[in-house]
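J.: My questions are about this predicted structure, shown below with the sequence.
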Amino acid sequence: MIDLLVAGGGYVGLALALSVKTAAPHLSVTVVDAAPEGAWKRDERASAIAAAASRMLDVLGVWSEILPEAEAILRMDITDSRSGDPVRPVFLTFEGLTEEGAFAHMVPNVAMVGALRKAAEQAGVEIRQGVVANGFSTDVASVTLKLASGEEMPARLLIACDGVRSKLRDAAGIKTVHFEYGQSGIVTTVEHERPHDGTAFEHFLPAGPFATLPLPHNRSSLVWTERTEDAERLIASDDLVFEEELERRFGHRFGAIRVVGGRRAYPLGLTLARSFIAPRFALAGDAAHGIHPISGQGLNLGFKDVAALAETIVDADRLGLDIGSEEVLERYQTWRRFDTFRMGVTTDVLNRLFSNDITPVRIARDIGLGLVDRLPALKSFFIRQASGAAKPTDPKMLAGQAI
């Protein structure tokens, strides 16, 4: 029987498997993923890694391998304008340096997943690709994952890291709070003439935020929010139309731009699981929560889940407790659910506040941004929150400590 079975081979599933196996080598850990072998190598997206998450990756021994492919975010400028406005004043600027260095880095998903896979395999984690799960059953002592092939995989504990549309979450009977925003996030990569100097920009446009995030080699990753029908039209358009619409929003601060990556649109909504646990079963990452990308905290929420769940499992094992028991899993749920709910509500409010063109609302939010920019203590607070500054109640790995 497997001790820990993780469904989902993305960065959350791999980080969890590696965390547990590193801290408790005697436990057997297996990751199963529905995607075919090598599918992760085709992911062209990049993610914002907060300082707390990079500390965790450093504890796991992979940050030094990821860092050469990363780009530090040294500054963030925020503006609130319409795409046709001739002048786009910057209302709020965050200098991205903290006592520890940059508050965040942009990392290509391929580099992150590749480093985590390599380290997990070296640690003794079994990774099985192309394994489709149909559901699972539980009894007092075990949980059995049922595969489409007819195979059954018994384990002491099953963790679902299979995304925001988690089939295993549904199989567990866990309900969600869910609604769609009527927006889609267009993701692509552009190359530009002039250097970005580590600066990220977030433009609050009437249809939603348009964020440019620095990558190595004069490139930027874009997260471009549009109304879903407009996003579908843009994705289906030819390169000339797409780049013309993109340039209207991107502006000319970096000179000429050119799309160098594929373009895809992802529907945006809010999904919060009503429970993070069931008998011998737990949710982590997007399976537990899907939030709007306006704050760039989706990945970091998932890594917080990893740090808390891994510490919970390893502590229970060291005390001789059953790692799949309700008492053990309840500790994880208590640790993570409020923080997740708070972040979900925060991103929802921010999106509703900034994704409109109502003049009184626009005036009020611009005044608010200007006030924050003039209050150093408040700006420092927001930077600490964005970087994941360690708190006494945080999981150890987020503070750079081994479990």
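T.: Everything's here; your move. Numbering: from 1, shown residues only.
J.: What about Glu95, how many residues nearby?
T.: 12 (other Cβ atoms under 10 Å). Every C-beta, even on glycine, is put in place using the N, C-alpha and C of the backbone.
J.: just checking, Trp335 touches Ala308?
T.: Yes - proximity of Trp335 to Ala308 meets the contact threshold set by Cβ atoms under 8 Å, at 4.5 Å.
J.: any residues in contact with both of those two?
T.: Pro395 (Cβ atoms under 8 Å, 6 or more residues apart in numbering).
J.: the more surrounded of those two?
T.: Ala308 (24 against 20).
J.: Report the secondary structure state of the more buried one.
T.: Counting by DSSP: H, G, I helix; E, B strand; the rest coil, the backbone at Ala308 sits in helix.
J.: any idea how far Glu232 is from it?
T.: Using Cβ to Cβ, to the nearest Å, Ala308 is found at 37 Å from Glu232.
J.: Quick check: which ranges of the stretch 51-200 of the chain have low pLDDT?
T.: 81-91, 96-100 (pLDDT under 70).
J.: ranges for the helices of it?
T.: In the stretch 51-200 of the chain, the segments counted as helices under DSSP state H, counting those that start in this stretch are 51-59, 63-66, 109-123, 167-171.
J.: Quick one, which of the ones you listed gets closest to Gln297.
T.: helix 51-59 (10.0 Å; Cβ to Cβ).
J.: Can you name every helix or strand that that closest one contacts?
T.: helix 11-23, helix 63-66, helix 298-318 (3 or more Cβ pairs under 8 Å, 6 or more residues apart in numbering; DSSP states H and E).
J.: Mean neighbour count, these: which tops it?
T.: Counting by mean count of other Cβ atoms under 10 Å, helix 11-23 has the highest mean neighbour count of the helices and strands packed on helix 51-59, with a mean of 28.
J.: quick one: it to chain centroid distance?
T.: 16 Å (Cα atoms, centre = their mean, to the nearest Å).
J.: who are the neighbours of the helix or strand just after that helix, in terms of helices and strands?
T.: Next along the chain after helix 11-23, taking DSSP states H and E as the criterion, comes strand 29-33. Counting contacts by 3+ Cβ pairs under 8 Å, 6+ apart, strand 29-33 packs against strand 2-7, helix 11-23, strand 126-129, strand 152-160.
J.: chain center to strand 29-33, what's the gap?
T.: 20 Å.
J.: Just the endpoints, please. Distance across stretch 273-287?
T.: Criterion Cα to Cα, to the nearest Å; first-to-last residue distance in stretch 273-287 is 8 Å.
J.: Mind listing what's buried along it?
T.: With burial defined by 16 or more other Cβ atoms under 10 Å, the residues of stretch 273-287 counted as buried are 273, 275-278, 280-287.
J.: Would you confirm that Glu232 contacts Ala265?
T.: Yes - taking contacts as Cβ under 8 Å, Glu232 lies within contact range of Ala265: 6.6 Å.
J.: Name the SS class of Asp394, please.
T.: coil.
J.: Please name the residues that touch the residue nearest to Ser142 when sequence neighbours are not counted.
T.: Closest residue in space to Ser142, ignoring its immediate chain neighbours: Pro154 at 5.0 Å, by Cβ to Cβ, 6 or more residues apart in numbering. Pro154 makes contacts with Met1, Ile2, Ser142, Val143, Thr144, Leu145, as judged by Cβ under 8 Å, 6+ apart.
J.: The fifth one contacts Gly135, doesn't it?
T.: Same thing as Thr144. No - taking Cβ under 8 Å as the definition, Thr144 is not a contact partner of Gly135, at 9.5 Å.
J.: how about the strands of the stretch 301-403 of the chain, start to end?
T.: Here the stretch 301-403 of the chain has no strands by DSSP state E, counting those that start in this stretch.
J.: and the gap between Gly114 and Ala48?
T.: Counting by Cβ to Cβ, the gap from Gly114 to Ala48 is 18 Å.
J.: Same drill for those two, tell me which one is more crowded.
T.: Ala48 (24 against 18).
J.: which residues touch the residue sitting nearest the centre point of the chain?
T.: Nearest to the geometric centre of the chain sits Leu299, at 1.5 Å (Cα atoms, centre = their mean). Neighbouring residues of Leu299 by Cβ under 8 Å, 6+ apart: Tyr11, Ser47, Ala48, Ile49, Ala53.
J.: Pick the one among those closest to Asp322.
T.: When these are compared against Asp322 (criterion: Cβ to Cβ), the nearest one is Tyr11, at 27.9 Å.
J.: any idea how far that closest one is from Gly400?
T.: From Tyr11 to Gly400 the distance is 19 Å (Cβ to Cβ).
J.: re the thing from before, closest one of the contacts of Leu299 to His105?
T.: Within these, proximity to His105 (Cβ to Cβ) peaks at Ile49, which comes in at 4.9 Å.
J.: mind listing what that closest one touches?
T.: Leu57, Ala70, Ala104, His105, Met106, Val107, Met112, Leu299, Asn300.
J.: neighbour-wise, which of those leads?
T.: Per-residue neighbour counts (other Cβ under 10 Å) across the contacts of Ile49 peak at Ala104, which has 30 neighbours.
J.: Please report phi then psi for the nearest residue to Asp162 once chain neighbours are set aside.
T.: Closest residue in space to Asp162, ignoring its immediate chain neighbours: Gly8 at 4.3 Å, by Cβ to Cβ, 6+ apart. Dihedral angles of Gly8 (phi, psi; degrees, to the nearest 10) stand at phi 130, psi 120.
J.: ok, back up a step: please report the distance of the residue nearest to Ser142 from Asp139.
T.: 9 Å.
J.: OK, contacts around Val110?
T.: Neighbours of Val110 in contact, by Cβ under 8 Å, 6+ apart: Trp40, Lys41, Asp43, Glu44.
J.: re the thing from before, which of the contacts of Pro154 are buried?
T.: Ile2, Ser142, Val143, Thr144, Leu145.
J.: residue contacts, the fourth one?
T.: By Cβ under 8 Å, 6+ apart, the contact list for Thr144 reads Phe136, Ser137, Thr138, Glu152, Met153, Pro154, Ala155.
J.: And for His289?
T.: Thr271, Leu272, Ala273, Leu301, Thr340, Met343, Gly344.
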